[in-house]
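>>> Sequence and predicted structure are below.
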Amino acid sequence: MGSEFPFTLADSSLGQLDCLVDGEPVVAKSGNRFEIIDPGSGKSWASCPDCREEDVDAAVQSSHRAFQSYSKWTPRQRAQTLLKWHQEIIAARDDLAKILVHETGKPLAEAYGEIDYATTFTWWFVGEAERVQGSSIVSAIPGRRAVTIKQPVGVAAALVPWNFPIALTLRKASAALAAGCTMIVKPSPETPITALSVARLALKAGFPPGALNVLTTSLEGTPRLAEALCLHPLVKKVTFTGSTRVGKIISGLCARNLKKSTMELGGNCPFIIFDDANLDQALGQLMGLKWRHAGQACVSSNRVYVQRGVYDKFVDLVVNATSQLKMGHGMADGTTLGPVTTPRSLDRAEDMAKDALAKGAKLVFGTGKRDASGSGGYFMAPTVLTNVTDDMLMSQDEIFAPLLGFSVFDTEEEVIQRANNTAMGLTSYAFTKNVDRLWRLFELLEAGMVGLNTGNNSSAEAPFGGIKESGSGKESGKDVAIEEFMITKSGTFTIEGL
Ligand SMILES: O=CCCC(=O)O
């Protein structure tokens, strides 16, 4: 470990910071480690093994061995063990929340919120494990019948991002384990400890050694480790959440061997408010969505379009509510806006604000610049811009920072065209009390998910995933998510006497 843990853990086993392979703590073959930085202070507080491609084979072989027995467990055994895991995670909620704050920077209340969201996935896949079904088919050919069965695909690799590290580890791993797959998780370099913690709890819950392995690596090691996992012949499925740029690389690596993959990629999500919307409702939803984790969610509202009749009023409401946010370290009392997780996000946000201001946007709150108070943390005060146009960088790319811009629109037709005018298609949001318009928007907005009078449409029970360059495949939801980890096999029988 680098420096001392800055907090005490009720379960000291969660302070074991080596990789987890075959149920054992494992270090990198090189012996190297990398530092974990608290984004709220900019200081290192722990370290993890800096694995490279030479560390991959042992982890995959372990997961492959585990798969031989685990895939034969009955669905009920899997469901019961998932339930035990779910309970272990809930019991460790306080420890996990503190780790999350120190890895991601998010405020403590949001960390608890993420854990509660995360355990909706363990809970959901307890149920899904026993609901996998094939089908029977009467053939067009006399005396012939066909059936389909679903089988776990094999060892899966999960490449998990740093913005919701517990929720997204659990969304991927619960589906894989429910399906009968084993999994190797490669967490982001910023957030390895949450993944290690939940994997240790999986072992405690009764999953066999190797069912859930974790390999950690630094930012420099990430491309090589990810590539080795994607290309290993015994890895049969890759699930990735991250940027569209990296998703295209991962998808290309999987395509080389025609490997199954799920891609949850970037968004550029429009948030549309019509004149007839309930503005208090829209305000509450926008505040929750935009400032959650300092704007660092793929589903965050990236472009906010407000109809001309309520534009000034709505901007005022948002500026007033934003002025009540309290920026600070995630563990400090009353903090409602934490730092961003990486200094790269600050560079990007500053570039976007500068570009927007140069092209005519107006600064109505904040500075558009990183915090200069010298705290050492990666802070940027919430910034609100008006007069934002579609040619600005912040309208074209994912912002991933506490920077919010407003654009005005006049007609439904215009806003649908502008909302869809992007390569991305993750989620869109629209607020109106006109029920016909609501349905039209649902059908016409090009996105894998649409929030109608809500800014929160992520849930375990609904399929999560984008279209266009926002990805392919679904995580969560009935049938579709577990099927991402299964193959469908058909058997055809000739039956004499029929
Ligand atoms: O940032 C990506 C995932 C966030 C969510 O599950 O709502």
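Sure, I can see it.

>>> so G210 makes contact with G23?
Yes. In this structure, G210 is within contact of G23 by CB atoms under 8 Å, at 6.9 Å. (C-beta placed from N, C-alpha, C; glycine too.)

>>> Show me which of these two is the more surrounded one.
G210 (28 against 19; other CB atoms under 10 Å).

>>> hang on, the more buried one in a strand?
No. Secondary structure of G210 (DSSP: H, G, I helix; E, B strand; the rest coil): coil, not part of a strand.

>>> Could you tell me which residues of the stretch 301-450 of the chain lie near the ligand?
Contact residues, the stretch 301-450 of the chain versus the ligand (CB under 6 Å from any ligand atom): none.

>>> scratch that, the stretch 101-250 of the chain
For the stretch 101-250 of the chain, the residues in contact with the ligand (CB under 6 Å from any ligand atom) are 163-164, 167.

>>> so where's this structure shaky on pLDDT?
Counting by pLDDT under 70, the chain contains low-confidence residues at 1-4.

>>> Quick one: residues contacting A202.
When contacts are counted by CB atoms under 8 Å, 6 or more residues apart in numbering, A202 touches 85, 88, 173, 177, 211-212.

>>> picking that back up, of the residues of the stretch 101-250 of the chain next to the ligand, which belong to helices?
In helices, defined here by DSSP state H, the members of these are A167.

>>> okay, now the residue in the chain that the ligand sits nearest to: neighbour count?
As assessed by CB to the nearest ligand atom, the ligand sits closest to S458 within the chain, at 3.2 Å. Close neighbours of S458, defined as other CB under 10 Å, add up to 19.

>>> Equivalent analysis for P223, please.
If you count neighbours by other CB under 10 Å, P223 ends up with 12.

>>> With S407 instead?
When neighbours are counted by other CB under 10 Å, S407 registers 22.

>>> Does it belong to a helix, a strand or coil?
strand.

>>> so it makes contact with Q307?
No. Counting by CB under 8 Å, S407 sits too far from Q307 to count as a contact (10.6 Å).

>>> Hmm, D116 and L100 touching each other?
No. The pair L100 / D116 is not scored as a contact, 11.8 Å apart, by CB under 8 Å.

>>> for the residue lying closest to H329 once chain neighbours are set aside, what are its contacts?
Distances taken as CB to CB, 6 or more residues apart in numbering place G40 nearest to H329, at 3.8 Å, with adjacent residues excluded. By CB under 8 Å, 6+ apart, G40 lies in contact with 101-102, 105, 328-331, 338-339, 377.

>>> In stretch 10-17, which residues are buried?
11, 14-15, 17 (16 or more other CB atoms under 10 Å).

>>> try stretch 275-285
277, 279, 282-283, 285.

>>> any bit of it sitting next to the ligand?
No. Judged by CB under 6 Å from any ligand atom, stretch 275-285 stays clear of the ligand, getting no closer than 13.4 Å.

>>> residue contacts, the residue lying closest to S71 once chain neighbours are set aside?
Closest residue to S71 apart from its sequence neighbours, by CB to CB, 6+ apart: G180 at 4.4 Å. Counting by CB under 8 Å, 6+ apart, G180 makes contact with 70-71, 73, 75, 78, 151-152, 485-486.
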